[in-house]
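>>> Test case, fold it:
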Amino acid sequence: MCRVALESPSKASTNVPLIEDNKKEPSSSTNRKRHGRYSKRNKTKKSQNSLSVTVPPEHRYVAMDCEMVGIGPDGTVSSPACVTMINWKGSVILHAYIRQTEPVTDYRTHVSGITEKHLSCAKLSLEECRAIVLQHLHNRILVGHALKNDLTALCISHPWWLIRDTAEYEPFMKYCHSSHGGEGLWPRKLKDLALRELGKHIQKAGKPHNSWEDAFAALNLYQKVR
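Here you go, the predicted structure:
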């Protein structure tokens with residue numbers, strides 16, 4: 001299972017705006033020549049043009065999920081151990097295990113699915129893996145669930161306007177009252193969202209998480225509401 005799958009980022013993904021206006025409003029001088037002033041018709045066209053948007057092409061999207069292991073005396077410090085990235089259709093762009101620099105005190109196999117065997121032949125350091133991830137993220141829209149955790153673990157910053165996090169999408173969140181009297185919106189678990197919105201069972205009890213499955217579920221959730 002120790003493997004590193006890579007796909008070269010598409011050169012076609014550069015310099016593609018997220019939102020663009022496909023139509024150009026005639027200049028004010030042209031309107032004045034034709035009508036002497038802005039007509040109601042031109043005002044309507046201007047309003048319609050201002051709302052005209054282009055949905056980014058599919059190659060602009062990547063979904064990502066990371067699995068962690070525990071380091072430190074009690075294994076409570078999370079260290080990224082596996083990174084999976086997929087494209088719009090679910091094909092793997094990157095699947096890599098990360099070589100650990102500190103002793104792993106908790107593999108969290110029941111959740112992460114990672115064992116000592118997986119990491120014993122890990123090829124990439126965290127720095128090398130980060131560089132590859134950044135290469136794939138360049139000018140791309142990142143989709144995932146609770147991405148803040150993954151990005152923080154990888155020490156990566158990605159522009160907020162290029163992030164689609166299903167944990168922070170309000171229609172997917174639940175309204176809760178806290179025991180301290182507060183109330184507000186809280187994220188749902190990915191497995192609950194997958195069942196509720198997609199009718200899919202993931203992260204089944206007694207089975208470890210699958211980073212491809214988690215990334216694909218988050219991607220499917222986004223595709224449903226895009």
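
>>> average model confidence for the longest helix seen in the chain?
The residue-count maximum for a helix in the chain (DSSP state H) belongs to helix 211-225. Helix 211-225 shows an average pLDDT of 97 in the prediction.

>>> what does it contact?
When contacts are defined by C-beta atoms under 8 Å, 6 or more residues apart in numbering, helix 211-225 is touched by residues 61, 63-67, 82-86, 88, 90, 92, 95, 113, 143-145, 164, 166, 169, 171-172, 190, 193-194, 197-198, 200, 202-203. (C-beta placed from N, C-alpha, C; glycine too.)

>>> So residue 99 is in contact with residue 124, correct?
Yes - under the criterion of C-beta atoms under 8 Å, residue 99 lies in contact with residue 124, with a separation of 6.3 Å.

>>> Show me the shaky parts of this structure.
1-52, 179-182 (pLDDT under 70).

>>> So which residue is smack in the middle of it?
residue 143 (2.0 Å; C-alpha atoms, centre = their mean).

>>> what about it, which SS state?
Three-state assignment for residue 143 (DSSP: H, G, I helix; E, B strand; the rest coil): strand.

>>> What distance do you get for it to residue 167?
Residue 143 sits 11 Å away from residue 167, going by C-beta to C-beta, to the nearest Å.

>>> can you give me the strands for this protein?
5-6, 61-71, 77-86, 92-97, 104-106, 141-144, 163-165, 174-177, 183-186 (DSSP state E).

>>> Please point out which parts of the fourth one sit buried.
Taking 16 or more other C-beta atoms under 10 Å as the neighbour-count basis, strand 92-97 is seen to contain the buried residues 93-97.

>>> Grab the two from those residues that are most spread out in space.
Farthest pair in the buried residues of strand 92-97 (C-beta to C-beta) is 93 and 97. Separation: 15.5 Å.

>>> Could you export the strands of the chain as CSV, including distance to residue 118?
Output for those, formatted as CSV (distance: least, C-beta to C-beta, whole Å):
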stretch, distance to residue 118
strand 5-6, 14
strand 61-71, 9
strand 77-86, 7
strand 92-97, 5
strand 104-106, 10
strand 141-144, 21
strand 163-165, 27
strand 174-177, 34
strand 183-186, 33
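
>>> Residue 123: neighbour count?
Applying other C-beta atoms under 10 Å, we find 13 residues neighbouring residue 123.

>>> Thanks a lot, see you next time.
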